[in-house]
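**Student:** predicted model follows, preceded by the sequence.
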Amino acid sequence: MAVAQELYGFPASRLDSFVTQWLQPTREWKEEVLETVQTVEQFLRQENFRGDRGLARNVRVLKVLKVGCFGNGTMIRSTTDVELIVFLSCFHSFQEEARHHQAVLRLIQERMSYCQDLLDLGLSNLSVTDGVPSSLVFTIQTRETWEPITVTVVPAYRALGPSRPSSEVYADLIKANGYPGNFSPSFSELQRNFVKHRPTKLKSLLRLVKHWYQQRAPDIQVTVQQWGHSDLTLWVNPYEPIKKLKEKIRLSRGYSGLQRLSFQEPGGERQLIRSHCSLAYYGIFCDTHICLLDTISPEIQVFVKNPDGGSHAYAIHPLDFVLTLKQQIEDRQGFRSQEQRLEFQGQVLEDWFDFKSYGIQDSVTIILSKKSNGAAPFAPS
């Protein structure tokens, strides 16, 4: 595809021509991408999520919403990132969404990995990524040209419903006391419609701004220093969240723990940088040095008390499924996972729930017993 001409070489009177010729996607390309993404939407609408992980028995996808440039009609040529917001019937409040967000993501991830229609599209790089909020990210390819498309899926509580929002919605949002940005997908329909129904002139302006940003925001060189290791040099967009920098460090060094990064301005004090912020937020727009203080192992140790009174220690990840611990117990003790019943503080642990959902922390004790016929496990409160 031809590279767009320099924006500054066009007079203001011909900007509409510049947008049409270089930035506006062709109808054929747009239809090809949307047809591919429609396969993902069909999976989300048709897949049966009922009864898993202690959620409500009849979990339905209320709506799948395309947001970002594909949702509001401001995509520019060759855009390959599509974001989908999934409103689920099992979320009845902001608090409930916060409690089950990670579990739902991993449930969708598990089901998606077996979807033949998506596997036929070259499904790859399927992973749950930390962020504000966390999301499910994967890559598929268009049917005709096999161009890779990155799709991001974010489950959300449909706070607005089919009608205009009421003041109670915002009062509930304040009471939820969530981290800034965690519940923004609940309001994505308002955000999308604000731009979608605006005149073409405004959309053309937004395309021009995006194109200018891509041309005028080059990557900067970041040197990561760590005691006992050689320096690591990475190229980073200063406007991207720090979490993407951490992901590059993880892939380069093989870290699986939590990373703490810091930097120091000349003559200033050293300060930690937060994952949801960007280098630009800290005023870093040129080559810089970042210090990797340490990595904290994400694993925790739990004790499993057997029916005979003895106990064993196991290492688990807070976001692992409960089933993974049952499989460890089966491997070590020969007690079949299907027959195991695990309890923590009076709650039966569901196979497809993660440990974080139950508030399980380091060094706690989990009770192991044999399942009784007809026992029905329940979800964490």
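**Tutor:** Okay, I see it.

**Student:** which residues of this protein fall in helices?
**Tutor:** 15-18, 27-46, 68-72, 94-112, 116-119, 167-176, 188-196, 200-216, 242-253, 322-333 (DSSP state H).

**Student:** which secondary structure elements does the fourth one contact?
**Tutor:** Judged by 3 or more CB pairs under 8 Å, 6 or more residues apart in numbering; DSSP states H and E, helix 94-112 is in contact with strand 124-129, strand 135-141, strand 148-156, helix 167-176. All C-beta atoms are positioned from the backbone trio N, CA, C, and that covers glycine.

**Student:** return it as CSV; C-alpha atoms alone will do.
**Tutor:** Taking C-alpha atoms only, helix 94-112 is exported to CSV below (Å, rounded to 0.1, in the frame of the first residue of the first chain):
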residue,chain,number,x,y,z
PHE,A,94,-20.4,-2.3,39.4
GLN,A,95,-19.4,-4.2,42.5
GLU,A,96,-20.4,-7.5,41.0
GLU,A,97,-18.5,-6.8,37.8
ALA,A,98,-15.4,-5.9,39.8
ARG,A,99,-15.7,-9.2,41.7
HIS,A,100,-16.1,-11.5,38.7
HIS,A,101,-14.3,-9.5,36.0
GLN,A,102,-11.1,-11.7,36.0
ALA,A,103,-13.1,-15.0,36.2
VAL,A,104,-15.3,-14.0,33.3
LEU,A,105,-12.2,-13.1,31.2
ARG,A,106,-10.6,-16.5,31.8
LEU,A,107,-13.9,-18.3,31.1
ILE,A,108,-14.2,-16.6,27.7
GLN,A,109,-10.6,-17.3,27.0
GLU,A,110,-11.1,-21.0,27.8
ARG,A,111,-14.2,-21.3,25.6
MET,A,112,-12.6,-19.3,22.8
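
**Student:** if the residue nearest the centre of the chain is in a bridge, with which residues?
**Tutor:** In the chain, the residue lying closest to the centroid (CA atoms, centre = their mean) is residue 135, at 1.5 Å. Under the criterion DSSP bridges, residue 135 forms beta bridges with residue 129.

**Student:** read off the pLDDT value for residue 374.
**Tutor:** At residue 374, the predicted lDDT confidence score is 48.

**Student:** re the thing from before, which one of the helices and strands packed on helix 94-112 lies closest to residue 101?
**Tutor:** strand 148-156 (6.5 Å; CB to CB).

**Student:** quick check: mean pLDDT of the closest one?
**Tutor:** Computed over strand 148-156, the average pLDDT equals 91.

**Student:** now that strand: buried residues?
**Tutor:** 149, 151-156 (16 or more other CB atoms under 10 Å).

**Student:** of the residues you listed, which is the nearest to residue 347?
**Tutor:** Residue 347 lies nearest to residue 155 out of the buried residues of strand 148-156, by CB to CB, at 22.8 Å.

**Student:** list the contacts of the closest one.
**Tutor:** 86-88, 91, 97, 101, 104-105, 108 (CB atoms under 8 Å, 6 or more residues apart in numbering).

**Student:** average pLDDT across stretch 48-60?
**Tutor:** Mean predicted lDDT for stretch 48-60 stands at 61.

**Student:** stretch 9-17 too?
**Tutor:** Averaged over stretch 9-17, pLDDT sits at 78.

**Student:** kindly report the same for stretch 331-348.
**Tutor:** On average, stretch 331-348 scores 91.

**Student:** now do the end-to-end distance for that stretch.
**Tutor:** Its start and end residues considered, stretch 331-348 measures 21 Å (CA to CA, to the nearest Å).

**Student:** list the contacts of it.
**Tutor:** With CB under 8 Å, 6+ apart as the criterion, stretch 331-348 contacts 304, 306, 312, 322-323, 325-327, 329-330, 349, 358, 360, 364, 366-372, 375, 377-378, 380-381.
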